[in-house]
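Asks: need a 3D model of the sequence below.
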Amino acid sequence: MKSQKPKQNTKLLKRFLPYYKKYKKTLVLDLLCAALTTVCELILPLIARQITGYATENIAALTTRLILTWATFYIVLRIIDTLANYYMASVGHIMGAKIESDMRHDFFYHLQKLSFTYYDKAKVGTLMSRITNDLFDITEFSHHCPEEFFIAGIKIVASFIILCTMNVPLTLIVFAVIPIMVLVLAKYQRRMKEGFRDSRTQIGELNSQVEDSLLGIRVVKSFAKEDYEQKKFDKGNLTFLSVKERVYKIMGAFQSCTRLFDGIMYIIVVAVGAFFLKDGYITAGDYVAYLLFVTTLMTSVRRIVEFSEQFQRGMTGIERFSEILDIEPDIKDNKNASELKNVKGEIELKNVSFHYNEDKRDVISGLNLSVNAGESIALVGPSGGGKTTLCSLLPRFYDITEGEITIDGTDIKSITLKSLRENIGMVAQDVYLFSGSIRENITYGNPDATDEEIIAAAKLAGADEFISELPDGYDSYVGERGIMLSGGQKQRISIARVFLKNPPILILDEATSALDNESERLVQQSLERLAKGRTTFTIAHRLTTIKNADRILVLTENGIEESGSHKELLQKGGLYSELYKLYSAE
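Replies: Numbers count the residues shown, from 1 in each chain. Prediction:
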């Protein structure tokens, strides 16, 4: 297992490095500035060495002019250092923020490609944690990682070369401690990475729990379950705390070991250097230079140690980022997929079977169905018969396991997903309105629509009247998920949205089942206008709403049990007749 960690880090870094490609010039300048700041630190011990050497060996040579020359030289270096540091702190950080933005773009783009199968199991709170917290850590990582390692590399190599010119044995003794230090600290680094990964996982779970509780706050309050939700949150919060405690204990041991090695390095230079000084192996100037160089060296090692926490956070963020991007969409365009154009709306299902991944039992089995262009099809039957599943297969929210579905004779798997779904409109029972204005929600069906087209769509949907009575009209804020509107109002806005989209194929999934009688009447009138001239599939529990359908299909676990018009099925006296009598009695 130990040997796999460096390989894993290398793999993650290879995945991350291409994000620097757009910012090569910025990165090069950033590293150049890092080199300049490093030179300033390395020059000071050499100046101190010279001054000490003159002071102990030839004090007369230490003139005012020489001191001022060195001082002026160092001030110039410090001005360069200040400018270089400003570039690193500003432009370097901006580069990191841009990389974060690019990664967040790729992350969200990939999430948009994943199918319903993935979202059936995914937790939105966990995904939110990955797209925010994890990627913020990557910003710091992407900026500081090249700088810190580059600076440390220069300092260690330069210090080794310079110190070897003074005294090779003392230099080798000092640098012999570094490999031991690296081996000890590497052990804690691995444990820190595991801890940070667990921490990220747990905060994602906690975010998901909080989101779930807050989105369901009305249910929580209606059942007076505030205490229950608080206990649930406290449990998750304490679990997160225990993970953090474990991580900080590892970090404490990590930093304590660093301080111990820090002290060992200093005492080696002080003690061994003192013996060398006493025996004449080094000069006083060399001794002072050693002390200053070791300070610089340890500062560099300490910065790497301090950065290691950020490094591990960054690697964990890259790992979690890669986990999502490595998920292949199970529904995507075929290689030679073509666009669906000039749609008439003829639909055919040929021996179609489907089951969900977790359940090997077919929800739909061997289904055959032909639908004419502009025909109105109603789907009724007991729960579990596959009505909603069938309607989810048409826009390829899920892919069939067997058979073929065609639109105007073309297999939907050979059509681009975008053009397929652009030609299908959906109105569902559970209406989702985006946080924003009524206008923004209606134009979701056609972002380029004019005000006249928006109002026309709203009138067709029976929504213009109530919208006009609102204080801000079409610019009225709907609240999160449309909470500031009634169920009937939300449904009519969703219908207006589809009117504006103007698709040739329409799916109505129990669009009126959650409404009161008056709202149902208004929405039903809107739906009838919407369905006119379109190939329409209507799923309904309220059987009175589908009496005018061209054809009614009774779906059960056995497939299509009955097919015909409302009048024909009543006369037949079968399952539909029983369902209708039961509904009428209710």
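
Asks: do you know how far the residue positioned nearest the centre of the chain is from residue 125?
Replies: Nearest to the mean C-alpha position of the chain, counting by C-alpha atoms, centre = their mean, stands residue 131 at 3.1 Å. From residue 131 over to residue 125 the distance is 11 Å, taken as C-beta to C-beta, to the nearest Å. The C-beta positions use only the backbone N, C-alpha and C, and glycine is treated the same way.

Asks: and the next element down the chain from the worst-scoring helix or strand of the chain on mean pLDDT?
Replies: When the helices and strands of the chain are compared on mean pLDDT, DSSP states H and E, helix 217-222 comes out lowest with a mean of 70. Next in sequence after helix 217-222, counting helices and strands by DSSP states H and E, comes helix 226-278.

Asks: now for the helix or strand that that next one is followed by, which elements pack on it?
Replies: Next along the chain after helix 226-278, taking DSSP H and E as the criterion, comes helix 284-325. Applying 3 or more C-beta pairs under 8 Å, 6 or more residues apart in numbering; DSSP states H and E, we find helix 284-325 packed against helix 4-16, helix 24-57, helix 93-113, helix 135-166, helix 168-215, helix 226-278.

Asks: pick the most buried one from the ones you listed.
Replies: helix 135-166 (a mean of 19; mean count of other C-beta atoms under 10 Å).

Asks: taking the mean pLDDT, what do you get for it?
Replies: What helix 135-166 shows for mean pLDDT is 83.

Asks: could you do stretch 337-347 as well?
Replies: Averaged across stretch 337-347, the pLDDT comes to 89.

Asks: next: stretch 440-450.
Replies: Here the average pLDDT along stretch 440-450 is 87.

Asks: hmm, who's touching it?
Replies: Stretch 440-450 is contacted from outside by 425, 433-434, 453-454, 457-458, 474, 478, 482, 493, 496-502, using C-beta atoms under 8 Å, 6 or more residues apart in numbering.

Asks: so where is the stretch 201-350 of the chain shaky, pLDDT-wise?
Replies: Where the stretch 201-350 of the chain drops to pLDDT under 70, the residues are 218, 222-223, 302, 305-306, 309.

Asks: an error on my part: the question was meant for the stretch 351-500 of the chain.
Replies: For the stretch 351-500 of the chain, residues meeting the criterion pLDDT under 70 lie at 358-359.

Asks: quick one: the strands in it?
Replies: 364-371, 376-380, 402-407, 410-411, 424-428 (DSSP state E, counting those that start in this stretch).

Asks: could you check the angle strand 402-407 makes with the longest one?
Replies: Just to be clear, that refers to strand 364-371. Calculated by axes from the mean of the first three to the mean of the last three C-alpha atoms, to 10 degrees, strand 364-371 forms an angle of 20 degrees with strand 402-407.

Asks: give me the residues contacting stretch 95-114.
Replies: 19-20, 22-23, 26-27, 30, 122, 127, 130-131, 135-136, 138-144, 321, 324-325, 327, 329, 332.

Asks: how about that stretch as CSV, C-alpha atoms only?
Replies: Provided in CSV are the C-alpha atoms of stretch 95-114 (Å, rounded to 0.1, in the frame of the first residue of the first chain):
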residue,chain,number,x,y,z
MET,A,95,-3.7,32.6,-11.5
GLY,A,96,-4.8,30.1,-8.8
ALA,A,97,-8.3,31.6,-8.7
LYS,A,98,-8.5,31.3,-12.5
ILE,A,99,-7.5,27.6,-12.4
GLU,A,100,-10.1,27.1,-9.7
SER,A,101,-12.7,28.8,-12.0
ASP,A,102,-11.7,26.6,-14.9
MET,A,103,-12.0,23.4,-12.8
ARG,A,104,-15.3,24.5,-11.4
HIS,A,105,-16.5,25.1,-15.0
ASP,A,106,-15.4,21.5,-16.0
PHE,A,107,-16.9,20.1,-12.8
PHE,A,108,-20.3,21.7,-13.4
TYR,A,109,-20.2,20.9,-17.1
HIS,A,110,-19.6,17.2,-16.3
LEU,A,111,-22.4,17.2,-13.7
GLN,A,112,-24.8,18.5,-16.4
LYS,A,113,-23.9,15.5,-18.6
LEU,A,114,-24.6,12.9,-15.9
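
Asks: show me how far it is from its chain's centre.
Replies: From the chain centre to the centre of stretch 95-114 is a distance of 7 Å (C-alpha atoms, centre = their mean, to the nearest Å).

Asks: and if you look at stretch 125-136?
Replies: Centre to centre, stretch against its chain (C-alpha atoms, centre = their mean), the figure for stretch 125-136 is 5 Å.

Asks: list the contacts of residue 42.
Replies: 155, 158-159, 162, 296.

Asks: which one of those is nearest to residue 278?
Replies: residue 162 (22.7 Å; C-beta to C-beta).

Asks: quick one, what contacts that closest one?
Replies: 42, 46, 289, 293 are the contacts of residue 162 under C-beta under 8 Å, 6+ apart.

Asks: with respect to residue 85, which of these is nearest?
Replies: residue 42 (15.5 Å).

Asks: in a helix, residue 508, correct?
Replies: No: counting by DSSP: H, G, I helix; E, B strand; the rest coil, residue 508 is not found in a helix; it is strand.

Asks: am I right that it is in contact with residue 526?
Replies: No: at 10.7 Å, residue 508 does not count as touching residue 526 under the criterion of C-beta atoms under 8 Å.

Asks: for residue 127, which non-adjacent residue is closest in space?
Replies: residue 111 (6.8 Å; C-beta to C-beta, 6 or more residues apart in numbering).

Asks: repeat that for residue 240.
Replies: residue 202 is the one closest to residue 240 (C-beta to C-beta, 6+ apart), at 4.6 Å.

Asks: measure the one you found to residue 246 for me?
Replies: Taking C-beta to C-beta, one finds residue 202 at 11 Å from residue 246.

Asks: looking at the strands of the stretch 351-500 of the chain, spot the one closest to residue 75.
Replies: strand 424-428 (70.9 Å).

Asks: that closest one pairs with which strands, parallel or anti?
Replies: strand 505-509 (parallel) (DSSP bridges).

Asks: pLDDT averaged over the partner strand, what's the number?
Replies: 87.

Asks: next SSE after it?
Replies: Assigned by DSSP H and E, the successor of strand 505-509 is helix 517-531.

Asks: what sits up against the helix or strand following that following helix?
Replies: Sequence-wise, the next helix or strand downstream of helix 517-531 (DSSP H and E) is strand 535-539. Contact partners of strand 535-539, identified using C-beta under 8 Å, 6+ apart, comprise 345-347, 371-380, 387-388, 390-391, 394, 504-511, 531, 545-546, 549.

Asks: and the following helix or strand past strand 535-539 with strand 535-539, angle?
Replies: Toward the C-terminus, strand 535-539 is succeeded by strand 551-556 as the next helix or strand (DSSP H and E). Going by the same axes, to 10 degrees, strand 551-556 is angled at 40 degrees with respect to strand 535-539.

Asks: what residues sit buried inside strand 551-556?
Replies: Neighbour counts using 16 or more other C-beta atoms under 10 Å place 551-555 of strand 551-556 among the buried residues.

Asks: relative to residue 279, which of those residues is nearest.
Replies: residue 555 (98.3 Å).

Asks: the nearest residue to residue 61 once chain neighbours are set aside and residue 353, how far apart?
Replies: Nearest residue to residue 61, sequence neighbours excluded (C-beta to C-beta, 6+ apart): residue 54, at 5.1 Å. To residue 353, residue 54 is 93 Å away according to C-beta to C-beta.

Asks: residue 301 versus residue 529, what's the distance?
Replies: 75 Å.

Asks: more neighbours, the two?
Replies: With neighbours defined as other C-beta atoms under 10 Å, residue 529 and residue 301 compare such that residue 301 has more, 22 against 14.

Asks: wait, the more buried one sits on residue 181?
Replies: Yes: counting by C-beta under 8 Å, residue 181 is a contact partner of residue 301 at 7.2 Å.

Asks: overlap in contacts, the two.
Replies: 258, 261.

Asks: check contacts around the closest residue to residue 392 other than its chain neighbours.
Replies: Leaving aside its sequence neighbours, residue 392 sits nearest to residue 398 (C-beta to C-beta, 6+ apart; 5.5 Å). By C-beta under 8 Å, 6+ apart, the residues touching residue 398 are 115-117, 331, 354, 356, 389, 392.
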